[in-house]
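> Just need the structure, nothing else, for what follows:
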Amino acid sequence: MKIYNDKSDEQLISLYVDGKNEAFDELLERHKDRLFMYIYHSVKNDDVANDIFQDTFVKAITTIKQGRYVENGHFPAWITRIAHNLIIDYYRQVRAENLQSTDDTDTNILNRKDLADVTVEDTLITTQIHNDVRKLIKALPASQREVLVMRYYRNMSFKEIADTTGVSINTALGRMRYAILNMRRLAEEHNIVLTM
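Reported below is the predicted structural model:
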């Protein structure tokens, strides 16, 4: 593997795409410790961390082999984001498995997660959703981003937005509609989940 030590992550990815499997082995060796520690600190369980770690690299391999890797120069951030999304999926699955039926008379209906304090997992998921929303907003065209920010972050009415931007109310509404559609499309293209 020493022949690949001096290669950048992007060069290793290109070599891997060209059929040099050893190049991906070098990528794995380079990033495995940091990535595993990130996963482990999130889930606090060796078995779960190992499963998510393996799933992360399987997903990375699949994405690269399909020619969908577009994060030039940002491999560590990209692979961490994959892991982060898998961690969120894991906690969603755990939450779904722990739901209780209110038809069960032996269950105390006041013993519900939504009545409990916020957990670390909830905070982690909420932070990721907010970060993803900010990224999606930045990717919008300026006119759509402006209307969205005025409406949701400044709590302005569409009449106030129209007056401020010098367009009709219909144009402001149209820009808002396209902003939301574009955000949904971008979220789907990048496999971003915006719900708890």
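
> Does Gly73 belong to a helix, a strand or coil?
Look at Gly73: counting by DSSP: H, G, I helix; E, B strand; the rest coil, its state is coil.

> Met183 contacts Leu140, doesn't it?
Yes. The pair Met183 / Leu140 is scored as a contact, 6.9 Å apart, by C-beta atoms under 8 Å. The way it works is simple: take the backbone N, C-alpha and C, and place the C-beta from them, glycine included.

> For Asn21, grab the count of nearby residues.
9 (other C-beta atoms under 10 Å).

> per-residue pLDDT, it?
We note a pLDDT of 85 for Asn21 in this prediction.

> Output the lowest-mean-pLDDT helix or strand in the chain as PDB, restricted to C-alpha atoms.
Counting by mean pLDDT, DSSP states H and E, the chain has its least confident helix or strand at helix 120-138, which shows a mean of 84. As requested, C-alpha coordinates have been extracted for helix 120-138 and formatted as PDB (Å, rounded to 0.1, in the frame of the first residue of the first chain):
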ATOM      1  CA  VAL A 120     -28.500  13.600  23.100                       C
ATOM      2  CA  GLU A 121     -29.800  11.800  20.000                       C
ATOM      3  CA  ASP A 122     -32.600  14.300  19.600                       C
ATOM      4  CA  THR A 123     -30.100  17.200  19.900                       C
ATOM      5  CA  LEU A 124     -27.800  15.500  17.400                       C
ATOM      6  CA  ILE A 125     -30.600  15.000  14.900                       C
ATOM      7  CA  THR A 126     -32.000  18.500  15.300                       C
ATOM      8  CA  THR A 127     -28.600  20.100  14.800                       C
ATOM      9  CA  GLN A 128     -28.000  18.000  11.700                       C
ATOM     10  CA  ILE A 129     -31.400  19.000  10.300                       C
ATOM     11  CA  HIS A 130     -30.800  22.700  10.900                       C
ATOM     12  CA  ASN A 131     -27.300  22.500   9.300                       C
ATOM     13  CA  ASP A 132     -28.800  20.700   6.300                       C
ATOM     14  CA  VAL A 133     -31.600  23.300   5.900                       C
ATOM     15  CA  ARG A 134     -29.000  26.100   6.000                       C
ATOM     16  CA  LYS A 135     -27.000  24.300   3.200                       C
ATOM     17  CA  LEU A 136     -30.100  23.900   1.100                       C
ATOM     18  CA  ILE A 137     -31.100  27.600   1.600                       C
ATOM     19  CA  LYS A 138     -27.600  28.700   0.500                       C
END
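
> Okay, buried residues for it please.
Buried positions in helix 120-138, judged by neighbour count with 16 or more other C-beta atoms under 10 Å: Glu121, Ile125, Gln128, Ile129, Asp132, Leu136, Ile137.

> contacts for the following helix or strand past that helix?
Following helix 120-138 in sequence order, the next helix or strand is helix 142-148 (DSSP states H and E). With contact meaning C-beta atoms under 8 Å, 6 or more residues apart in numbering, helix 142-148 is reached by Ile137, Lys138, Leu140, Ile161, Thr165, Ala172, Arg175, Met176, Tyr178, Ala179, Ile180, Asn182.
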